[in-house]
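A.B. asks: Provided below are the primary sequence and the corresponding predicted coordinates.
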Amino acid sequence: MTIYQKYKNHYRDNLHLAIPVVISQVGHTLVQTSDSIIVGHFAGTVSLAAVSLANSIFVIVLVIGIGISYGSTPLIAQLNGKKDFEECGKLLSNSLFLNVLTGIILFALIALASTLLLDHLDQTAEVVRQARPFLTLLGLSIIPMLIFNTFKQFAEGLGFTKQAMLISIWGNLLNIIIGIIFVKGLFGIAPMGIKGVGYSTLIDRCVMAIVMGVYVFRSERFKKYLKSFILTRINWSRSLQILKIGAPVALQYTFEISAFSGAAILIGTIGYHEQAAHQVAINLASITYMMSSGLSAAAAIKSGNYFGAKDHHNLRQSAISSYHIVLIFMFVTACLFTIGNNLLPWMYTSDGIVIGIAAQLLIIAALFQLFDGTQVVGLGILRGMGDVNIPTIITFLAYWVVGLPLGYLLGIPLHLGVKGIWYGLTLGLMTSAILLFFRFQFISKKHRDKTVIIVAQD
């Protein structure tokens, strides 16, 4: 109770900010979730494996884009803490330009991967055939998704989080409805199979981008920030400022997600049942990860506000309360995965072999929930303080020096199969969580002590 009294104001403030962000963040994953559920029930196990293969490649591109778009949020939060409204509008101009350019480049990379890479990954031939058009459609959807994210991160950096949440909810409902119509072939439309969910995702993200942009430009609450918004006036120093935060964040996410994508490809060499089971388990784990990512985004905003105001005492209090929140949340989800490990996979498929393997993976997922949540919140807190380079090195070491190599060793040479690969990934998450927490303690105490010294001298 003493701990609760000490942090209760920060618990309240952080949750008030975080809950809408969590819901809108989950929107990114629920697109993949609804795609997997629709395909698993209406198109079959091979198609579900194709979704896994396509998503394992697309998600790398997705997190690069999301990471770069995150570069503006701590800057906006810090500037808002300093009451520099004009610079906020100028940053939005540069962020929109940068994200559209990034989206075009990432789509080109996906098109190349779809054409040149898929045939060389030692996957089942039918899985590759179905994955190719689906991957191309997902790649095209990255452009409107990053436009949506531009306005979302701007609004959230200023503390306005509910509108993006509502747009994400309605967008996902639209994605599910259109996906079922296209995959099944309802209302006179020919059944499209896996391509149907690709088209529904593209339509959904275009609608969300338009609605979010209209909201920002028409809302009275943003008028004072948008007076300096001129899209054609691109300042390269501001774009570079966004990239200095966004690019390392993109690398952080890429190192983690690419390790899981590498694991999916390794699992695909074992068999398509294992690959489909991996898609089921990783999709469920991704939902809780994106919820934690929402808590991380809120932690970045709060730490950015306090960092801009040079209030390092409250920065530490707020950050520690965010750690408490994510630990409690991930403990609850770990219990749900453990209790429901045999039931949850039924949402995706009725294939008994896939369900049996996925049930075993969910037990391992329950174990890594705590590590996954704490490491992503640690990244958010440090991002808000502008500390992104050392955390990037930490994530590389955790996933590509520890996690994936150990997963390969345990899974393939030592014949533990898909479970061995997941054990390695769990050790990578644990390494990241511990090192990032130590980094937060070191950086935050250093800034706090420096402030105390300056005040004492004055």
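C.D. replies: Structure received.
A.B. asks: How about the contacts made by the residue lying closest to Thr124 once chain neighbours are set aside?
C.D. replies: In space, and not counting its chain neighbours, Thr124 is closest to Tyr272: 5.0 Å by CB to CB, 6 or more residues apart in numbering. (Glycine included, C-beta is placed from N, CA and C.) By CB atoms under 8 Å, 6 or more residues apart in numbering, the contact list for Tyr272 reads Thr45, Val46, Ala49, Thr124, Val127.
A.B. asks: The first one is in contact with Asp351, isn't it?
C.D. replies: The one in question is Thr45. Yes - under the contact definition of CB atoms under 8 Å, Thr45 touches Asp351, with a separation of 4.9 Å.
A.B. asks: Among the contacts of Tyr272, which are located in helices?
C.D. replies: Judged by DSSP state H, the subset of the contacts of Tyr272 located in helices is Thr45, Val46, Ala49, Val127.
A.B. asks: okay but the second one is in contact with Thr124, surely?
C.D. replies: Yes - using CB under 8 Å, Val46 is in contact with Thr124, at 7.3 Å.
A.B. asks: picking that back up, pLDDT at the residue nearest to Thr124, what is it?
C.D. replies: pLDDT, Tyr272: 73.
A.B. asks: ditto for the one 3 residues further on
C.D. replies: Per-residue pLDDT puts Gln275 at 76.
A.B. asks: Show me what counts as buried in the helix or strand hosting it.
C.D. replies: According to DSSP states H and E, Gln275 maps onto helix 272-308. Within helix 272-308, the residues that count as buried by 16 or more other CB atoms under 10 Å are 272-286, 288-308.
A.B. asks: Kindly report the same for stretch 309-327.
C.D. replies: Buried residues in stretch 309-327, counting neighbours by 16+ other CB under 10 Å, are found at 311-312, 314-326.
A.B. asks: And for stretch 380-396?
C.D. replies: 380-388, 391-392, 394-396.
A.B. asks: what's the farthest-apart pair in those?
C.D. replies: Taking CB to CB as the measure, the buried residues of stretch 380-396 span a maximum distance of 21.0 Å, between Gly384 and Phe396.
A.B. asks: any low-confidence regions in the stretch 151-300 of the chain?
C.D. replies: Scanning the stretch 151-300 of the chain with the threshold set as pLDDT under 70 gives 191-192.
A.B. asks: can you give me the mean pLDDT across whichever strand or helix holds Phe107?
C.D. replies: Under the criterion of DSSP H and E, Phe107 resides in helix 85-112. Per-residue pLDDT values over helix 85-112 give a mean of 83.
A.B. asks: Then stretch 361-379?
C.D. replies: 88.
A.B. asks: With just CA atoms, put it into PDB.
C.D. replies: Output of stretch 361-379 as PDB, limited to C-alpha atoms (Å, rounded to 0.1, in the frame of the first residue of the first chain):
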ATOM      1  CA  LEU A 361       3.900 -22.400 -27.600                       C
ATOM      2  CA  LEU A 362       1.400 -20.400 -25.600                       C
ATOM      3  CA  ILE A 363       2.900 -21.800 -22.300                       C
ATOM      4  CA  ILE A 364       6.300 -20.400 -23.400                       C
ATOM      5  CA  ALA A 365       4.600 -17.200 -24.500                       C
ATOM      6  CA  ALA A 366       3.200 -16.900 -21.000                       C
ATOM      7  CA  LEU A 367       6.800 -17.000 -19.700                       C
ATOM      8  CA  PHE A 368       8.100 -14.300 -21.900                       C
ATOM      9  CA  GLN A 369       5.200 -11.900 -21.300                       C
ATOM     10  CA  LEU A 370       6.800 -10.100 -18.400                       C
ATOM     11  CA  PHE A 371      10.100  -9.700 -20.300                       C
ATOM     12  CA  ASP A 372       8.400  -8.500 -23.400                       C
ATOM     13  CA  GLY A 373       6.400  -5.900 -21.600                       C
ATOM     14  CA  THR A 374       9.200  -4.500 -19.500                       C
ATOM     15  CA  GLN A 375      11.700  -4.200 -22.400                       C
ATOM     16  CA  VAL A 376       9.300  -2.300 -24.600                       C
ATOM     17  CA  VAL A 377       8.300   0.100 -21.800                       C
ATOM     18  CA  GLY A 378      12.000   0.600 -21.100                       C
ATOM     19  CA  LEU A 379      12.600   1.600 -24.700                       C
END
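A.B. asks: how distant is that stretch from the center of its chain?
C.D. replies: Remark: stretch 361-379 is offset 14 Å from the chain centroid, using CA atoms, centre = their mean, to the nearest Å.
A.B. asks: Give me the most central residue, this protein.
C.D. replies: Nearest to the geometric centre of the chain sits Met290, at 5.2 Å (CA atoms, centre = their mean).
A.B. asks: Look up how far Glu274 lies from that one.
C.D. replies: 24 Å (CB to CB, to the nearest Å).
A.B. asks: just the strands in the stretch 251-400 of the chain please.
C.D. replies: With DSSP state E, counting those that start in this stretch, there are no strands along the stretch 251-400 of the chain.
A.B. asks: Check whether Ile443 really touches Asp387, as I assumed.
C.D. replies: Yes - under the criterion of CB under 8 Å, Ile443 makes contact with Asp387 at 5.4 Å.
A.B. asks: what number of residues lie near Leu98?
C.D. replies: The number of residues packed near Leu98 is 23, by other CB atoms under 10 Å.
A.B. asks: doesn't Ile242 make contact with it?
C.D. replies: Yes - the pair Leu98 / Ile242 is scored as a contact, 5.9 Å apart, by CB under 8 Å.
A.B. asks: Common neighbours of the two, please.
C.D. replies: Contacts common to Leu98 and Ile242, judged by CB under 8 Å, 6+ apart, are Ile68.
A.B. asks: could you list every residue that touches Pro405?
C.D. replies: Pro405 neighbours (CB under 8 Å, 6+ apart): Gly424.
A.B. asks: for the helix or strand containing it, what is the average pLDDT?
C.D. replies: Pro405 belongs to helix 404-411 when assigned by DSSP H and E. Across helix 404-411, the average pLDDT comes to 89.
A.B. asks: next helix or strand past it?
C.D. replies: helix 417-457.
A.B. asks: Report how many residues lie close to Val332.
C.D. replies: Per other CB under 10 Å, the neighbour tally for Val332 reads 12.
A.B. asks: Equivalent analysis for the one 4 residues further on, please.
C.D. replies: If you count neighbours by other CB under 10 Å, Leu336 ends up with 16.
A.B. asks: Tell me how far it lies from Cys206.
C.D. replies: 34 Å.
A.B. asks: Can you classify Leu186 by secondary structure?
C.D. replies: With DSSP: H, G, I helix; E, B strand; the rest coil as the basis, Leu186 sits in coil.
A.B. asks: Check whether it really touches Ile180, as I assumed.
C.D. replies: Yes - assessed by CB under 8 Å, Leu186 is found in contact with Ile180 at 7.1 Å.
A.B. asks: out of those two, which sits in the more crowded spot?
C.D. replies: Neighbour count, other CB under 10 Å: between Leu186 and Ile180, Ile180 has more, with 19 against 11.
A.B. asks: Identify, from the buried residues of stretch 309-327, the entry nearest to Asn55.
C.D. replies: For these, the nearest to Asn55 is Val326 (24.5 Å; CB to CB).
A.B. asks: measure that closest one to Tyr215 for me?
C.D. replies: Val326 is 29 Å from Tyr215, by CB to CB.
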